[in-house]
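Q: predicted model and sequence below, questions to follow.
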Amino acid sequence: MDGPSKDLNQDQVSLAIASVLEAIMENQQDPQHLGGFALATTYTLRDARRPMSGEYEIANRVIRPRRVWLMPYYLPREELLQITEGNLPESVQDHTLLAILQEERNMGKSHFCIYLVDSKPAILRKHGHKVSNGIKRIASRLGWNTDRNGDHHIVFHGDYDENEVCRKVVTQGGHAALHTVLNAWIAALGLTYVEDGIRDLAESSYTAAYHLIRLALSGYIDWSTITAFLVCQKLVQETVIDAVPLDRRFKRTREQIGVEDLAGRLANLAEDDLVLRRDRPDDTLFPYDLRNNVEFGRKVFEHDEGGQSRLDMKDFKEDYDDWCHYVKRALAHASRAPGADTFLADLRSRDELDIAQEYGSFLSQEEVVHGIASVTMAINRTQSWRGGFSVASLWGVQLPDEYFVDVRSGRPLLFPLSYQNHTVLVVIQLDDLGEPTISIVDSMPWHYDLEDRNAVFNMARRVANHWGRLVVPESHEYLTASYIHGPRQRNDWFCGYYALYAGWALAMGLELNTEFRPKNVKEFYVLSKDLMHLARGGFVDWKVIYAFLRCQGFVTDQRVPPSRRFDQTLRVQDDDELRYTIEGHHQEETAYWEWAMQRDEARGEHDYDDIGNYTRVQLPPSSHLHNDSVPSDDYNEYVRNDIIRHLDNEGLLDLDMTGQELIDRFNWERAGSTKTVDDILIGFESHLRDTFEDYEKWDLQDLFDEFRGYIDSLEDRIPEVNQARFVLDPCDFYRRRYRMLTRLWSELPAIKIPPNVAKIDLGFQASEKESITAPLSMLDDDEVGMAIASVVGAIDDLQSSSGATPSVTGFSLASNTITAPALMWDDPAPFVPGRMFTTRPRRCWLLPVFVTQGDLGTKLEEYRQKLEHADGKKRGRIRDHTFLVVIQEELISLEDGTSSTEFRVYFLDSAPHHLAEYRDFIYNRIQKMARTLGWSTHRNPSDSIRFSDRFWEVEVVRQGSRVACGYHVILLAWILAMGLTPNPNAVFDDSLYMSIRQVIVSLAYKGLLDWKTLTAWLVCKGMIMERSLDDVPKNRQFAHTLLQTNTEDLRGQLLNIVWKHDDVLRKKLEADVPYDRSNNVDFDDMDIKERNYREEELEEAVEEETQEDQEQGEIEDFDAEPGHLARSYEVDDWDWFSEDDEMLDWRPLRSGRALFI
């Protein structure tokens, strides 16, 4: 492997895939030799593709046949020409793709499937069926599909569907073989392809991938390293490495010395296959373990019989936009099904069934047993006799010694137990080692003390003693149960509902959301009642239940595995009906196993050891064992009934705390409410008096610093409180801090406000209240500049204070009184060493660009008139506007393999069409300004580092008003400075603009705004993609904004930074003291468009117009009378193109766009 310029050869691809597959198989420990992955060497694959002759026979077979085969399929140019019928570009010499062959089971039937995972699908276009036919021939010649299938009772799926077979993934033409390895690794690790993700990876990513493959071949890396790379490069849908199933996690890849070495190991595995074929020829009695099958869609941890569900998916998609709407519609439809009204009326009228029918009613144990059984029995209908779930009746659960009869003995059993006015869910199943386990899922784990938990365990143990007759020796003694804290109920009567829905979710292969909170408790109850009863009548399918669980948020974002999908729940009206059904299935199952024993007389006994591999319940982590002493055992009634409920509703409950610690947390939590802000302020005043003698002489910033330290010291007593509050309700988190900070400013006696600070609100209106509530108007350059500087400057202060002098990090800043004139100059000022007007030159610059008359707007207007004179095309007049530009120095790769840096410019414009035609002109002015102000010439006097010949336009949310541009600029600058990502789908309206003004005027200008408050506000308003305080980098977590008084004061502060840091840094060699550009904005997750800079055309246009001006004189400004032009067309939200405001009729359309007439 020579690096990213050269792709992998066939042997390297095969060995790289084998390095991971062998490691996984070693980790899975498959003593029955029924699982694993199919594997074959490149030699074997080449032999299988040769033309057949009478004397020719393939020496080797594929190992682990009928298990999933991740086959690299190489196509030389000659074969590509045949397949494409000569329609192949000259540049394409060969191609490699990944073929995935696997056996899939559904409804008790099996078939073979082929999927083509192609990183360059355009090469084969519509010829995938020819490739698929070639792969089938290879599979047949190497015995993959004929193993224990000599009568061909299992065949390849007959229908060829281009959309089903061909999977389009992240593409790059020159690295198809490398992508084949990465795609095989994704499948092997149980991860999910990012389909239709047509984009190129950076060359640096390919370099890293080649190094990763080299390390894999050497046996040096583990599962987490590979997964981290795949997640980092966004090659998979998963965002965390923990998504890899436990049995796919290996410590080291298998070292690959060469093809011959691999062939030797495969020969040993082939002997196991031979023994299996000889001793266990019947694949019905000893079916293959297909746990490694590839699931195209979000993967969940399961050992089920795999298979693509052929159930009807019409009118349903698994990323449904409104799950609740689907549930309501589906339940209404189900209630009109034939027999539904009769069933529901009978069910709800029978007193002996004890059906909960009123809000606040407990669910009986009987209702939960029957509700779970209606789903688990439905799943059983789709599984073979070796899979599915064990099911028992209410009598069998309550009186197991007398009445326990179940179906699918030894398979997972889910049932409720009710004790002491509370219901929990019990799960009995075999673990990975075939050992029986008991787990108890409790939605109110503080309700039971140790004595109660022991009583519940004894009840569960009696059931377990009768459950595992096929797999558990009678002498087995259950000693403990895992006690699991499930989703917590928010009232006293929800326990039965939670047990039922946890049973449904686990049976359907889903993951419980332990942070679940009903959005609307009454709606949750109403939907629950209808769904439970219709399910017991057999009137709903898996889609309705899944949509309900997703609608309520009871489960996480996962798919239902195909083997857990069913088209109809089982009718269970009462326990008599359930017992009758169980008896019938029990007889059928007994007959099956008797037949199976007869088919295996040579062994004398049947091997049931792998029963636990077919269906597995994915449980949350165990909190403790049932017989462990836990803090809640000692909670008194006050803690159990009052404290816990309040803290749980606030997201602050920690059951590892003692009762007294919970009381302390409760008291501190109340300290953040409105009624106790006075206490905090009074406490701070006392703190100042008791600690400092001269605090009354402090300036505002010193007081604010001390206040932050005081608040932090309180919060540090319970460090989880802030994060928990933030996650639970970021809007409430923001409102609490806003109240506290604004009252600090207005009510704290220690604060003496200087006259110039008291007037900072005048930049907006006459008073702070008027500034916030006044009609929306365009912000001027001072207001925008100071708002940006308040946050960006605070972050810069934080970063420079934690390092050496001079600072090499930070953000560039400049006063608009400096940048505006510099953008006006037609030519950059001559370079003068040491002349700088921006802080942190050659660091990231979040620059607001103001297009106003008298400044850049005047120059653009002159340029517009010249363009009109040149081409005769009428253009709208240049009007005032503000947008954000990001200027930063970035590392680039050169053609000779070396690297360098260049200056790059990104435009973030909330009204992009307004000045779209003038981007080159503005880009030219920005370059000249950067040089004039010393940003680009800092330690770069000869311009050896230049601006790029391209610039980039970043798609951002469009402004909702003609005068709102400044608000968008401020918000974007704050978000990018905080290291966060703007939400491209954020919704701006008048209330949001007012909220922005509130944050600017009441907090940011005054130096009161801190990173936590700002982040909470951004999350609350949906302005960013991130959702946690932990998403803000440590070096962006500023204590408070910089106090803003006026632009001249800001300019003076910035010049002090220039002389203290940047001028000192200028005199040091860059090789000795390099810049820290870690503040550069990462635009990878944003929608950006690259534009070529047309400098020559720009210069020619200006030169031609200058010459014509000299010949013809001044061009008179064309100012059309109203009505001179009449036109209508759609444009983006507020862009304007006509010549006079009077001609504009701005009114919103239904499409969210606007019509101008």
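A: Yep, that arrived.

Q: can you map out the strands along the stretch 151-300 of the chain?
A: If DSSP state E, counting those that start in this stretch is used as the criterion, the strands of the stretch 151-300 of the chain fall at 166-168.

Q: for the lengthiest helix in the chain, buried residues please.
A: Longest helix in the chain, counting residues (DSSP state H): helix 575-598. In terms of neighbour count (16 or more other Cβ atoms under 10 Å), helix 575-598 has its buried residues at Asp575, Leu578, Arg579, Thr581, Ile582, His585, His586, Glu589, Ala596. Heads up, the C-betas are built off the backbone N, CA and C, glycines and all.

Q: cool, stretch 434-453 as well?
A: For stretch 434-453, a neighbour-count test (16+ other Cβ under 10 Å) marks 436-449, 453 as buried.

Q: now the terminal residues of that stretch, how far apart.
A: 25 Å (Cα to Cα, to the nearest Å).

Q: tell me how far that stretch lies from the chain's centre.
A: Relative to the centre of its chain, stretch 434-453 is centred 32 Å away, using Cα atoms, centre = their mean, to the nearest Å.

Q: what's the average pLDDT for it?
A: Throughout stretch 434-453, pLDDT has a mean value of 93.

Q: pick out the residue nearest the middle of the chain.
A: The centre of the chain sits closest to Thr239, judged by Cα atoms, centre = their mean, with a distance of 5.4 Å.

Q: domain parsing of this protein, as residue ranges.
A: Here the domain parsing of the chain from automatic domain parsing is 10-279, 323-613, 779-981+1049-1066, 1119-1157.

Q: what about these, which gets the closest to Pro1033?
A: domain 779-981+1049-1066 (4.5 Å; Cβ to Cβ).

Q: what about Glu861, helix or strand, and which?
A: Assigned by DSSP states H and E, Glu861 belongs to helix 856-871.

Q: residues of that helix that come out buried?
A: 856-857, 859-869.

Q: could I have the CA atoms of it written out in CSV?
A: The C-alpha trace of helix 856-871 is given here as CSV (Å, rounded to 0.1, in the frame of the first residue of the first chain):
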residue,chain,number,x,y,z
LEU,A,856,-19.3,49.8,1.3
GLY,A,857,-22.9,50.3,0.1
THR,A,858,-21.7,53.4,-1.8
LYS,A,859,-19.0,51.4,-3.6
LEU,A,860,-21.4,48.6,-4.4
GLU,A,861,-23.9,51.1,-5.8
GLU,A,862,-21.2,52.6,-8.1
TYR,A,863,-20.2,49.1,-9.2
ARG,A,864,-23.9,48.3,-9.9
GLN,A,865,-24.2,51.3,-12.2
LYS,A,866,-21.1,50.4,-14.1
LEU,A,867,-22.4,46.8,-14.6
GLU,A,868,-25.8,48.2,-15.8
HIS,A,869,-24.0,50.5,-18.3
ALA,A,870,-21.9,47.6,-19.5
ASP,A,871,-24.6,45.0,-20.2
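
Q: quick one: Pro51 from Arg141, how far?
A: 11 Å (Cβ to Cβ, to the nearest Å).

Q: please enumerate the helices of the stretch 751-900 of the chain.
A: 755-758, 768-773, 781-801, 816-824, 856-871 (DSSP state H, counting those that start in this stretch).

Q: residues making contact with the fourth one?
A: The set of residues that contact helix 816-824 without belonging to it, under Cβ atoms under 8 Å, 6 or more residues apart in numbering, is 781-782, 784-785, 837-838, 847-850, 852, 855-856, 858-859, 925-926, 928-929, 932-933, 1047-1048, 1051.

Q: next, count neighbours for Tyr734.
A: For Tyr734, the neighbour count with other Cβ atoms under 10 Å is 23.

Q: now Ser629
A: Neighbour count for Ser629, taken as other Cβ under 10 Å: 10.

Q: check what pLDDT His585 gets.
A: On the pLDDT scale, His585 gets 85.

Q: please name the nearest non-neighbouring residue to it.
A: Nearest residue to His585, sequence neighbours excluded (Cβ to Cβ, 6 or more residues apart in numbering): Val407, at 4.3 Å.

Q: residues touching that neighbour, list them.
A: If a contact means Cβ under 8 Å, 6+ apart, then Val407 has Met377, Asn380, Gly388, Ser390, Val391, Ile582, His585, His586, Glu589 as its contacts.

Q: give me phi/psi at it?
A: phi -110, psi 160 (degrees, to the nearest 10).

Q: which residues does it bridge with?
A: Beta bridges link Val407 to Val391, judged by DSSP bridges.

Q: can you show me the strands along the stretch 451-600 of the chain?
A: Counting by DSSP E, counting those that start in this stretch, one finds strands in the stretch 451-600 of the chain at the ranges 482-485.

Q: low-confidence ranges in it?
A: 470, 596, 599-600 (pLDDT under 70).

Q: how close does the closest residue to Arg252 other than its chain neighbours get to Asp11?
A: With sequence-adjacent residues excluded and distances taken as Cβ to Cβ, 6+ apart, Arg252 is closest to Gly219, at 5.3 Å. Distance of Gly219 to Asp11, given as Cβ to Cβ: 17 Å.

Q: same question for Arg536.
A: Following Cβ to Cβ, the distance that separates Arg536 from Asp11 is 59 Å.

Q: equivalent analysis for Arg997, please.
A: In terms of Cβ to Cβ, Arg997 sits 65 Å off from Asp11.

Q: more neighbours, these two?
A: Arg997 (23 against 15).

Q: still on that earlier bit, narrow the contacts of helix 816-824 to those that are buried.
A: 781-782, 784-785, 837-838, 847-850, 852, 855-856, 859, 925-926, 928-929, 932-933, 1047, 1051.

Q: which ones among the buried residues of stretch 434-453 lie within helices?
A: Arg453.

Q: hmm, which two among the buried residues of stretch 434-453 are most spread apart?
A: Pro436 and Trp446 (28.1 Å).

Q: which residues of the stretch 601-750 of the chain score low on pLDDT?
A: Under the criterion pLDDT under 70, the flagged ranges of the stretch 601-750 of the chain are 601-613, 668-680, 711-728, 747-750.

Q: cutoff 50 now
A: Scanning the stretch 601-750 of the chain for pLDDT under 50 picks out the ranges 672-675, 718-720.

Q: coming back round to it: would you single out the least confident of the helices of the stretch 751-900 of the chain?
A: Looking at the helices of the stretch 751-900 of the chain, the weakest mean confidence is helix 755-758, a mean of 48.

Q: burial measure for the nearest residue to Arg925 once chain neighbours are set aside, as a count.
A: Closest residue to Arg925 apart from its sequence neighbours, by Cβ to Cβ, 6+ apart: Leu823 at 5.0 Å. Counted with other Cβ under 10 Å, the neighbours of Leu823 add up to 22.
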